[in-house]
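*Asks:* Provided below are the primary sequence and the corresponding predicted coordinates.
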Amino acid sequence: MNLPDETRQKIERYLDQDRVVLFMKGNPQAPMCGFSAKTAGMLDSLLESYTSVDVLQDPDIREGIKVFGDWPTIPQLYIDKELVGGCDIVTAMFNSGELHQNLGVDEPDRSAPQVTITDQAAEKIHEAMAGHDGLALHFQVDANWQSQFNLAPAEGHEIKTEASGITLLFDVASAQRARGAVIDWVSNVQGEGLTISLPEAPAPVHQMSVSELKQKLEADEVLLVDVRPQDERDIASIGQARAMNADLMEELEAMPKETAMAFICHSGNRSQVAAEHFRKQGFSNVSNVAGGIDAWSKEIDPEVPTY
């Protein structure tokens, strides 16, 4: 497949914009595939900013970038206009520390996390591993703080820890997130199985009612961010809300991690995504306005139009 000059020039303009450019499905705040989410999550943990290109918004870029770098899959990471690779290669470089070196950031902390496995949980894990000689137990905690076990051969770059006679292997990011983890076995009316407590996980996004939002705004105790596009804000809006844009995003990410933020949209779905992004960035006082501007119109201020 030949790459049209117009598409090549468009790609080159993106590469001229920034030292680090990620071609992905979706964007770092709302990735549209697991591989894009994982790759963006690694970059988010290392860099304050980089350029991301949503290939789903441009069919020419989506197909053209595969030809441009002779790489068949997406996401694709470029550093200094050179193709690094896709998710698997970026993950391997992240875990080895090579990605840190290429980006000019500090080497990763490879100290082993302290993990507690209760006796009953250890017994169940030993039972599950029986007959799987040659496979290691990997413990992963992703950027959304979802944890899982996986039986697979060791690759050699993992961080290792021992607990209750069980060897756990971690990638670099998971090791940091798993510090102080407690793995237990529970049995209740829902069934039985392993439970994992992660003390390092940020607090979940608080679902703020519109009545609570009204009180917080009157007391000047929260920063309200409206994530809707301009055409929706023109129909209905709250005077104290700030419109989300690239400049505000940069401003918010530089604020103290304890800053009280509330995000609002039409009904509470898009704002939940935005709130989750800031929660994953380590912000500890993040809320989503339940019901969005629609609930505000119906419960607080009927002069705000519904749509």
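*Replies:* Okay, I see it. Residues are numbered from 1 along each chain as shown.

*Asks:* Could you use CA atoms for every contact and neighbour count after this?
*Replies:* Will do.

*Asks:* Any regions of this structure where pLDDT drops low?
*Replies:* 1 (pLDDT under 70).

*Asks:* one more time with 80
*Replies:* 1, 29, 143-144, 188-190, 203, 280-281 (pLDDT under 80).

*Asks:* And it, what are its domain boundaries?
*Replies:* In terms of domains, the chain is parsed into 5-103, 116-197, 206-299 (source: automatic domain parsing).

*Asks:* I'd like those domains as JSON lines, with distance to T306 appended.
*Replies:* Rendered in JSON lines, the data for the domains of the chain read as follows (distance: least, CA to CA, whole Å):
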{"stretch": "domain 5-103", "distance to T306": "26"}
{"stretch": "domain 116-197", "distance to T306": "33"}
{"stretch": "domain 206-299", "distance to T306": "6"}
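
*Asks:* Let me have those domains in JSON lines, adding distance to D109 and mean neighbour count as columns.
*Replies:* Converted to JSON lines, the domains of the chain look like this (distance: least, CA to CA, whole Å; neighbours: other CA atoms under 10 Å):
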{"stretch": "domain 5-103", "distance to D109": "9", "mean neighbour count": "17"}
{"stretch": "domain 116-197", "distance to D109": "7", "mean neighbour count": "15"}
{"stretch": "domain 206-299", "distance to D109": "18", "mean neighbour count": "18"}
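
*Asks:* who wins for proximity to P305 among those domains?
*Replies:* For P305, the closest of the domains of the chain is domain 206-299, at 5.6 Å, according to CA to CA.

*Asks:* Can you check the distance spanned by that closest one, start to finish?
*Replies:* Taking CA to CA, to the nearest Å as the measure, domain 206-299 stretches 19 Å from start to finish.

*Asks:* Repeat that for stretch 298-307.
*Replies:* One end of stretch 298-307 to the other measures 11 Å (CA to CA).

*Asks:* Buried residues in it, which are they?
*Replies:* V304 (16 or more other CA atoms under 10 Å).

*Asks:* In contact with N150, which residues?
*Replies:* Contacts here follow CA atoms under 8 Å, 6 or more residues apart in numbering; on that basis N150 touches 137-140.

*Asks:* biggest separation within those residues, which pair?
*Replies:* Of all pairs drawn from the contacts of N150, the greatest distance, 9.8 Å, lies between L137 and Q140 (CA to CA).
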